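Participant: Following is a predicted model, sequence given first.
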Amino acid sequence: EPEVTQTPSHQVTQMGQEVILRCVPISNHLYFYWYRQILGQKVEFLVSFYNNEISEKSEIFDDQFSVERPDGSNFTLKIRSTKLEDSAMYFCASSVTGYEQYFGPGTRLTVT
Amino acid sequence: AQSVTQLGSHVSVSEGALVLLRCNYSSSVPPYLFWYVQYPNQGLQLLLKYTTGATLVKGINGFEAEFKKSETSFHLTKPSAHMSDAAEYFCAVTRDSNYQLIWGAGTKLIIKP
């Protein structure tokens, strides 16, 4: 069964460093998303991406964040200058229709 | 703005007992509703969804949920709990004009032997 994959599973970085989180969505899916879950808090929407452009982004998704679909299969989330409060589990999701979203296993980002 | 409330951060049931996890939502338009499950150290797996049509929806692992518009609820049930059901369960709703998911805080289901 096709599934969304994410790498790495755990990333440790120092404050101020750039990180790139990678996702491979399910191959025939058209909608892509990033969410995050800070430990003990709700899952929060970051950004949605369709037709090679951002379709919506939340207030969390400021200028420090960017997304890219560089090669038609990968979908990346970049954080330019990480802060301590960026420590969270980051989930990638993809969807055919935009409603039924399938999630990857997540990347745990720890900023020290 | 849409929101989702899950009553009870932890629910404990005995193996074989009924599972009932509560979810209420607020929405100005008919919502699309979802339940996801997260097993320890794993991602979010779609359990079931309501989009249109039949208000009682069946999902994987014997779970089902009923959309009740008058009560703005979408409670998750399973007739007989199994030890393997121990996980965290999240209710989510789509927003009005786009497809981002708005999430509840999650309910951790504990199964007692």
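Facilitator: Yes, it's here.

Participant: Pull the contacting residues for residue 33.
Facilitator: I'll assume chain A. Neighbouring residues of residue A:33 by CB atoms under 8 Å, 6 or more residues apart in numbering or on different chains: A:45, A:46, A:47, A:48, A:49, A:92, A:93, A:94, A:95, A:101, B:100. C-beta: built from backbone N, CA, C; applies to glycine.

Participant: other chain: chain B
Facilitator: Residue B:33 sits next to B:23, B:25, B:49, B:50, B:65, B:67, B:74, B:91, B:92, B:93 when contact means CB under 8 Å, 6+ apart.

Participant: Show the residue spans covered by the strands in chain B.
Facilitator: All strands of chain B, identified by DSSP state E, fall at B:3-7, B:10-14, B:19-26, B:33-38, B:44-50, B:56-58, B:64-68, B:73-78, B:87-94, B:101-103, B:107-112.

Participant: quick one: contacts of stretch B:65-76?
Facilitator: With contacts defined as CB under 8 Å, 6+ apart, stretch B:65-76 is touched by B:19-27, B:30, B:33, B:35, B:47-48, B:50, B:55-57, B:59, B:63-64, B:77, B:89, B:91.

Participant: Could you export the strands of chain B to a markdown table, including columns for mean pLDDT?
Facilitator: Putting the strands of chain B into a markdown table (pLDDT from 0 to 100) gives the following:
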| stretch | mean pLDDT |
| --- | --- |
| strand B:3-7 | 93 |
| strand B:10-14 | 97 |
| strand B:19-26 | 95 |
| strand B:33-38 | 94 |
| strand B:44-50 | 93 |
| strand B:56-58 | 95 |
| strand B:64-68 | 95 |
| strand B:73-78 | 97 |
| strand B:87-94 | 94 |
| strand B:101-103 | 91 |
| strand B:107-112 | 97 |
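
Participant: and stretch A:84-104, how far apart are its ends?
Facilitator: Terminal residues of stretch A:84-104 are spaced 23 Å apart (CA to CA, to the nearest Å).

Participant: List the buried residues of it.
Facilitator: Using 16 or more other CB atoms under 10 Å in any protein chain shown as the test for burial, stretch A:84-104 gives A:86-95, A:98, A:100-104.

Participant: That stretch near chain B at all?
Facilitator: Yes: using CB under 8 Å from any CB of the partner chain, stretch A:84-104 reaches chain B at A:91, A:93, A:95, A:98, A:99, A:100, A:101, A:102, A:103, A:104.
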